[in-house]
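In: This is a predicted model, with the sequence first.
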Amino acid sequence: MEKILRIDMGAEGGPAAKVEPMGDYAGLGGRAMTSAVVAKEVPPLCHPLGAENKLIISPGLLAGSAAAISGRISVGCKSPLTGGIKEANSGGQGGQVMARLGYAAIILEGKPADDTLYKVVINKDGVTVSADNSLKGLGNYALIDKVKGEYGEKVACVSIGPAGEMKLSAASVAFTDMEQRPTRHAGRGGVGAVMGSKQVKLIVLDDDGMGMRKPADPEAFKAANKAFAEGLRKHAVTGTGLPTYGTNVLTNVLNEAGALPTHNFKTGRFDGAEKIGGEALAELENSRGGEGSATHGCHRGCVIRCSGTYYDKDGNFVTKQPEYETVWAHGGNCGIDDLDVIAALDRMDDDYGVDTIEMGATIGVAMEAGLAKFGDAEAAIRMVKEVGQGTPLGRILGCGAAVTGQVFGVERVPVVKRQAMPAYDPRGVQGVAVTYATTPMGADHTAGYAVTANILGVGGNVDPLKPEGQVELSRNLQIATAAIDATGFCLFIAFAILDQPETFQAMLDLIGAFTGSPLTGDDVTALGKSILDNERDFNARAGFTAKDDRLPEYFKTEALPPHNVTFQVTDEDLDQVFNW
């Protein structure tokens, strides 16, 4: 990955693409790349949907190589949801293919003067940007079917659905999976709206004729890769739990812990959890059968294979195995305990191109506002359809939980920096709450996944219901996560590298052998800190202060059943998270 592709969508005479050397961004990938470009090139006070904002798509440092589980990709911009910096992470084939084409980043900048919609095609021969208004209004599934007919079934695609075209703040960017289905999404923060503002509907990535990226030290790379993969396979979470039950294994775990947000974060237990948990989902998928039913990878090279494929009772493909966050968002949070309904909602979210977390949280707020009763599955389906149709209500819902709460006068809106909280109640998992409050990204569990030590006993044990130790836990995880997001590794490697020193060392050896520069744990820490410094600097210049690093007040005053606890970490302690 020795070059950057810039596409000026507002160039005189029409969009113009140019390839340039890495320059100041040499050695960066993934989140390190996206956040560096946003921090350096995007005016912090610009309108997120204006010409000055930029959308950066960047594979991780090891993408396109034989390194295990290294195909994650980052999408960055100024967020139309939070108003701050954003990195949204996705699986799928896009990262691997883009890296093999040699691009460390695609940067979309400027804005067309009219409403023409464009597609970008990138292959070994170069880049073409062409107008294609026939794509307007297509859902992601119909769009990719059209791509197959024109470009075949071996290309990878990056696309937006109708929500992105409408520039709704919950809009996602879709990446196709190994079966060329648009099931993998950079979901958070409205990155799809920014792609829509650039009027780019589709990017086709074709690596035909391009080889695998080669490591600097092939023998050392091969040995480290083998040790790293073996470490992942022997850990109980990455080797057994996730491959067997998927990410949804967490539904019953969090429900038992009393931290599964239910009915818009009113209680920590959902009576219908067993009907929609990972065990029930795996049993249903196995009974229905079909290729890749209960165990499946989101991209080639994944050794954890925590995903699956969801078929209906007649054997028809519906969607990828709904992730834990999706099962919670459209399930317990809305009082729905039917996996077929949740899968249908997941399919619609992917097709329209919206973040499942934001949509589920938004429907929960709408239900609290009285638009429907908790548990009303038909109403939930109807609401998501309205988003796809772009009705007035749909546009409100498609702009997220904060907007919906504001429009309908709801006080209990579970957001930080206007981004919806994921599937861990901040009172029941207080380490994650610190991450929600302080990450530059808005409420985001992946930014510092304290569930490890708070709930699963991975990397130590920190009582989830007490404030002690939570700041240090979140700080260390935020640093490590930022660095992992730069490599292209899946965040789930954290379970094994936290518990197994030899697997952590294998990861360091793997990166060092690939780049040709030996790596230490201190180097990883320094990389993570530098990324967070870039992100926090951008947010400060955009007007964010310590007051934005806070949870909604009701989490401090409203006790969560069944443990009847409130969020207890003080504001003073929250302000110490980034004290390096």
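Out: Great, that's in hand.
In: Report pLDDT for residue 58.
Out: Residue 58 is assigned 98 on the pLDDT scale.
In: Contacts only, for the closest residue to it other than its chain neighbours.
Out: Using CB to CB, 6 or more residues apart in numbering and skipping residues adjacent in sequence, the residue nearest residue 58 is residue 33, 4.0 Å away. Using the backbone N, CA and C atoms, a C-beta is placed for each residue, glycine as well. By CB atoms under 8 Å, 6 or more residues apart in numbering, residue 33 lies in contact with 25, 56, 58, 74, 76, 104, 105, 486.
In: hang on, residue 33 in a helix?
Out: Yes. Under DSSP: H, G, I helix; E, B strand; the rest coil, residue 33 falls within a helix.
In: For residue 364, which non-adjacent residue is closest in space?
Out: residue 264 (3.8 Å).
In: how close does the one you found get to residue 401?
Out: 9 Å (CB to CB, to the nearest Å).
In: Next, show the common contact partners of those two.
Out: Common neighbours of residue 264 and residue 401 (CB under 8 Å, 6+ apart) are 361, 364, 365, 414.
In: can you list the domains in this structure?
Out: 3-205, 215-245+426-580, 253-418 (automatic domain parsing).
In: Tell me which residues touch the most centrally placed residue in the chain, please.
Out: In the chain, the residue lying closest to the centroid (CA atoms, centre = their mean) is residue 89, at 4.0 Å. Applying CB under 8 Å, 6+ apart to residue 89 gives the contacts 31, 72, 73, 74, 75, 186, 446, 485, 491.
In: how does it look with 6 Å?
Out: 72, 74 (CB atoms under 6 Å, 6 or more residues apart in numbering).
In: Adjacent strands (with direction) for the helix or strand encompassing it?
Out: Per DSSP states H and E: residue 89 is located in strand 85-90. Partner strands for strand 85-90, per DSSP bridges, with pairing direction: strand 73-78 (antiparallel).
In: Low-confidence regions, the stretch 351-500 of the chain specifically.
Out: By pLDDT under 70, the stretch 351-500 of the chain has no low-scoring segment.
In: Now do the contacts for residue 545.
Out: Per CB under 6 Å, 6+ apart, neighbours of residue 545: none.
In: If you could redo that for residue 421, that was the one I meant.
Out: Per CB under 6 Å, 6+ apart, neighbours of residue 421: 414, 436, 443.
In: and the gap between the second one and residue 393?
Out: As for residue 436, its distance to residue 393 is 28 Å (criterion: CB to CB).
In: Then the first one?
Out: Distance, residue 414 to residue 393, by CB to CB: 20 Å.
In: now do the last one
Out: Using CB to CB, residue 443 is found at 24 Å from residue 393.
In: which residues does the residue nearest to residue 103 when sequence neighbours are not counted contact?
Out: Spatial nearest neighbour of residue 103, excluding adjacent residues (CB to CB, 6+ apart): residue 5 at 5.2 Å. With contacts defined as CB under 6 Å, 6+ apart, residue 5 is in contact with 19, 103, 106.
In: partner strands of the one helix or strand the last one maps to, parallel or antiparallel?
Out: Secondary structure assigned from DSSP H and E places residue 106 in strand 103-109. Each strand that strand 103-109 pairs with, and the sense of that pairing, follows from DSSP bridges: strand 3-8 (parallel), strand 55-59 (antiparallel).
In: Out of the ones you listed, indicate the one that is most buried.
Out: Neighbour counts (mean count of other CB atoms under 10 Å) averaged over each of the strands paired with strand 103-109 peak at strand 55-59, with a mean of 30.
In: Starting from the lowest-mean-pLDDT helix or strand in the chain, tell me the next helix or strand along the chain.
Out: Within the chain, no helix or strand scores below helix 242-245, which has a mean of 80 by mean pLDDT, DSSP states H and E. Remark: after helix 242-245, the chain's next helix or strand is helix 250-256, criterion DSSP H and E.
In: Could you list the residues in contact with that following helix?
Out: So helix 250-256 is contacted by 260, 269, 270, 273, 277, 278, 324, 327 (CB under 6 Å, 6+ apart).
In: how many other residues sit next to residue 354?
Out: 31 (other CB atoms under 10 Å).
In: Can you tell me who it pairs with across the strands?
Out: Bridge pairing for residue 354 - DSSP bridges - gives residue 171.
In: hang on, it packs against residue 161?
Out: No. Counting by CB atoms under 6 Å, residue 354 stays clear of residue 161, with 7.5 Å between them.
In: neighbour-wise, which of residue 443 and residue 393 wins?
Out: Between residue 443 and residue 393, counted using other CB under 10 Å, residue 443 has the larger neighbour count: 30 against 17.
In: residues in contact with that one?
Out: 416, 419, 421, 436.
In: ok, now residue 126?
Out: Under the criterion of CB under 6 Å, 6+ apart, residue 126 has no neighbours.
In: What values do phi and psi take at it?
Out: phi 140, psi -150 (degrees, to the nearest 10).
In: Next: the one 10 residues further on.
Out: Dihedral pair for residue 136: phi -60, psi 130, per degrees, to the nearest 10.
In: Give me the distance between it and residue 392.
Out: From residue 136 to residue 392 the distance is 20 Å (CB to CB).
In: the more surrounded of those two?
Out: Taking neighbours as other CB under 10 Å, residue 136 and residue 392 compare with residue 136 leading, 12 against 8.
In: Any idea how many residues pack against the closest residue in space to that one that isn't next to it in sequence?
Out: Using CB to CB, 6+ apart and skipping the chain neighbours, the partner closest in space to residue 136 is residue 117 (5.4 Å). Neighbours of residue 117 under the rule other CB under 10 Å: 20.
In: likewise residue 210?
Out: Counted with other CB under 10 Å, the neighbours of residue 210 add up to 15.
In: quick check, it in a helix?
Out: No. Checked against three-state DSSP, residue 210 lies outside a helix; its state is coil.
In: quick one on the thing from earlier: from the contacts of residue 443, which two are the most distant?
Out: Longest distance between any two of the contacts of residue 443 is 9.0 Å, between 419 and 436; criterion CB to CB.
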